[in-house]
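From the sequence below, what's the structure:
(one chain, ligands or ions: 1)
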Amino acid sequence: MKAVIFDLDGVITDTAEYHFLAWKHIAEQINIPFDRDMNERLKGISREESLESILISGGAETRYTNAEKQELMHRKNHDYQTLISKLTPEDLLPGIGRLLCQLKNENIKIGLASSSRNAPKILRRLAIIDDFD
Ligand code: GL1
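Predicted coordinates for the structure are as follows:
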């Protein structure tokens, strides 16, 4: 094996829960019901696609201008960044720290594949950014 490519949210750390909370907050502010089933449909998709799916689920796909959509995404990301600002190396999911060590010891390259534009910030907060090739 030459390389291992990790997903981030919900694999390296439980940021999937923080995305859920932040999207739920925004959806409720615009009166669109948002539950865990809806959240499942958003996993792995970008911020723009996630907002679009939420708007479609609430029959609101034509309610907002592009500028208003940008503002909604900005608010979601602000809430999300407040939540991830509390992350520490303790928040690595079980086994991830050990696995990264093992891969490095065996000179296997380590990569990350994530739709999240917050990924570098999260790796820094978890103190594992230098482990990634
Ligand atoms: C984006 C979405 C999240 C999630 C991630 C991929 O993250 O907003 O809900 O789907 O992509 O795991 P971000 O907003 O951090 O770029």
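
Show me what from this structure comes close to the ligand.
Residues of the chain lying close to the ligand by Cβ under 6 Å from any ligand atom are 9, 19, 42, 44-47, 50, 77, 114-118. Yep, even glycine has a C-beta here, placed from its N, CA and C like the rest.

Now tell me which of the residues you listed the prediction trusts least.
On pLDDT alone, residue 44 ranks lowest of those, at 89.

which residues sit in contact with the residue lying closest to that residue once chain neighbours are set aside?
Nearest residue to residue 44, sequence neighbours excluded (Cβ to Cβ, 6 or more residues apart in numbering): residue 115, at 6.1 Å. Residue 115 is in contact with 44-47, counting by Cβ atoms under 8 Å, 6 or more residues apart in numbering.

Which of the residues you listed are buried, as a ChimeraX select command?
Buried members of the contacts of residue 115 can be picked out in ChimeraX with the line below, counting by 16 or more other Cβ atoms under 10 Å:
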select :47
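
Could you pick out which of the contacts of residue 115 are located in helices?
Among these, the members falling in helices (DSSP state H) are residue 47.

Name the nearest of the contacts of residue 115 relative to the ligand.
Within the contacts of residue 115, proximity to the ligand (Cβ to the nearest ligand atom) peaks at residue 47, which comes in at 3.7 Å.

which ones are touching the closest one?
For residue 47, counting by Cβ under 8 Å, 6+ apart, the contacting residues are 73, 76-77, 115, 117.

Ok, residue 10 next?
With Cβ under 8 Å, 6+ apart as the criterion, the residues that contact residue 10 are 16-17, 43.

same thing with residue 109?
Counting by Cβ under 8 Å, 6+ apart, residue 109 has contacts 2-4, 133.

now do residue 81
With contacts defined as Cβ under 8 Å, 6+ apart, residue 81 is in contact with 118, 121.

which element is it on?
helix 66-84 (DSSP states H and E).

Render the CA-only coordinates of stretch 44-64 in CSV, please.
Presented in CSV, the C-alpha positions along stretch 44-64 are these (Å, rounded to 0.1, in the frame of the first residue of the first chain):
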residue,chain,number,x,y,z
GLY,A,44,-20.3,14.7,1.8
ILE,A,45,-21.7,17.5,-0.3
SER,A,46,-20.4,21.1,-0.6
ARG,A,47,-21.8,24.1,1.3
GLU,A,48,-23.5,25.4,-1.8
GLU,A,49,-25.2,22.1,-2.7
SER,A,50,-26.2,21.6,0.9
LEU,A,51,-28.0,24.9,1.1
GLU,A,52,-29.7,24.2,-2.3
SER,A,53,-31.0,20.8,-0.9
ILE,A,54,-32.3,22.5,2.2
LEU,A,55,-34.1,25.1,0.2
ILE,A,56,-35.6,22.5,-2.2
SER,A,57,-36.8,20.4,0.8
GLY,A,58,-38.6,23.5,2.1
GLY,A,59,-40.0,24.4,-1.4
ALA,A,60,-37.9,27.6,-1.1
GLU,A,61,-35.5,27.2,-4.1
THR,A,62,-36.6,30.4,-5.7
ARG,A,63,-37.1,32.5,-2.5
TYR,A,64,-33.6,33.9,-2.2
